[in-house]
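Visitor: Mind looking at a prediction? Sequence and model below.
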Amino acid sequence: MIKAIFFDIDGTLLSHTTYSVPESTKEALRLLKEKGILTFVATGRHLSEMRDLPIQDLEFDACITLNGQYCFNKDGMIYGLPIEQTDINNIINYVDTNHMPCIFVEDELMYINFNNEVVEKVQKAISTPLPELGDIHRGYTHPIYQVIPYDTNDERLKEIKELMPHCKETQWNPQAVDIIPATGGKQNGIHEVLKYYSIDQSETMSFGDGKNDIDMFDYTEISVAMGNAGDDVKKAADYVTDDIDEDGLYNALKHFEIIG
C-alpha cells in the first residue's frame, strides 16, 4: 500500500505553460490528504525560490529541496548534507578567475556573484526572478549545499568536475548545472525523510519530469514520468502519464487506483 508520494515541482506540479498548478492536481492532492497518504515535495529548488511560486496554497508534509541536500518540515530541518569545504574553496577560486556567474546556496540564503544575459535567459525559462546578488566568499565560512554555475560549456564542466571531486552534477539547462555532493541526490533526501516518518521504501511513489528525478525513480517503489518529460526520463519510469496540462498527475493516481 502506498503511504508516501514524492512530487517534483517544475513541470510536474507547476505548469510553465500556464504558470499555475492544474485544478486537477489540486484536487488529487486534496484526495490524497483525505486518504491519509503523506505528500512531499522533492525539488532542485531552494526554499526562497519556492516562496515565489504559485504553490503556496498546496500543503505538504515535508519538503526535500536542493535535489535532496536540505530536507525540512514545519518543525525544522530533517536532514542536511553540505558540499566538502575543499571543493567549495576550489569553485570560489575558479569562478573568480573565470568571471563566471554562479549561485551559492546556503540553508536560508541563495545568491549569485553577478547576473548577465545568460542568467536572465535561463531564469526566464523556469519562470524565476534573477537571483539576489551576494558575496560568494561567504562559502569559506558558511556551509554550502549546492552551487549552480551558469554560462557553462563542455570544457568548463570538465574543469569544474576536476576541481570538485567530491561532487556530482545534473545538467538542467544547456547553460546551467546543479552541483551537489556525490553522495547526495533526491533519493538520499527521500531515504532520510522515510526514516524520519517510519515509512518503508516499498510504500512509496514518485512523480517527475526532469533528469534530476531519475535517481528518485530508481529509489521509489512506483515511478511516474509526466507526458512532458524527456525520453530518457520516461524510459527510467515505471509508468508514463499524460502531459501536466492534460491532468497527467490526477490520471496516473487514478490509473494506480490511489484515488477514486
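Guide: Great, that's in hand.
Visitor: drop to CA atoms for contacts and neighbour counts, all remaining ones
Guide: Will do.
Visitor: Now do the strands in the stretch 151-260 of the chain.
Guide: Remark: strands assigned in the stretch 151-260 of the chain by DSSP state E, counting those that start in this stretch are 167-173, 176-181, 204-208, 222-225, 239-240.
Visitor: any residues touching the last one, and which ones?
Guide: For strand 239-240, contacts defined as CA atoms under 8 Å, 6 or more residues apart in numbering pick out 223, 224, 225, 226, 227, 234.
Visitor: And the strands of the stretch 151-260 of the chain, which one averages the lowest pLDDT?
Guide: For those, mean pLDDT drops lowest on strand 167-173, to a mean of 87.
Visitor: Quick check: closest non-adjacent residue to residue 169.
Guide: Nearest residue to residue 169 in three dimensions, chain neighbours excluded: residue 179, at 4.4 Å (CA to CA, 6 or more residues apart in numbering).
Visitor: Could you pull up the residues touching the one you found?
Guide: 146, 147, 148, 167, 168, 169, 170.
Visitor: try 10 Å this time
Guide: Contacts for residue 179 (CA atoms under 10 Å, 6 or more residues apart in numbering) come out as 66-67, 83, 104, 145-149, 160-161, 164, 167-171.
Visitor: follow-up on the earlier one: which of the strands of the stretch 151-260 of the chain sits closest to residue 92?
Guide: In terms of CA to CA, the element of those nearest to residue 92 is strand 176-181, at 13.2 Å.
Visitor: Go through stretch 71-86 and flag the buried ones.
Guide: Residues of stretch 71-86 classed as buried by neighbour count (16 or more other CA atoms under 10 Å): 71, 72, 78, 79, 80, 81, 82, 83, 84, 85.
Visitor: check contacts around the residue lying closest to residue 149 once chain neighbours are set aside.
Guide: Computed as CA to CA, 6+ apart, the closest residue to residue 149 that is not its neighbour in sequence is residue 102, at 4.2 Å. Residue 102 is in contact with 91-92, 95-96, 111-115, 119, 131, 136, 147-152, 176-177, counting by CA under 10 Å, 6+ apart.
Visitor: hang on, the earlier thing: turn the strands of the stretch 151-260 of the chain into JSON lines, columns for distance to residue 260.
Guide: Below are those laid out as JSON lines (distance: least, CA to CA, whole Å):
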{"stretch": "strand 167-173", "distance to residue 260": "35"}
{"stretch": "strand 176-181", "distance to residue 260": "38"}
{"stretch": "strand 204-208", "distance to residue 260": "17"}
{"stretch": "strand 222-225", "distance to residue 260": "18"}
{"stretch": "strand 239-240", "distance to residue 260": "18"}
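Visitor: do you know which of these lies nearest residue 9?
Guide: With CA to CA as the measure, strand 204-208 is the member of those nearest residue 9 (7.9 Å).
Visitor: Can you list the strands that that closest one pairs with?
Guide: strand 4-7 (parallel), strand 222-225 (parallel) (DSSP bridges).
Visitor: hmm, back to that, let's see which of the contacts of residue 102 end up in strands.
Guide: Under the assignment DSSP state E, the contacts of residue 102 contribute 111, 112, 147, 148, 149, 176, 177 to strands.
Visitor: wait, the third one sits on residue 180?
Guide: Which is residue 147. Yes: using CA atoms under 10 Å, residue 147 is in contact with residue 180, at 7.0 Å.
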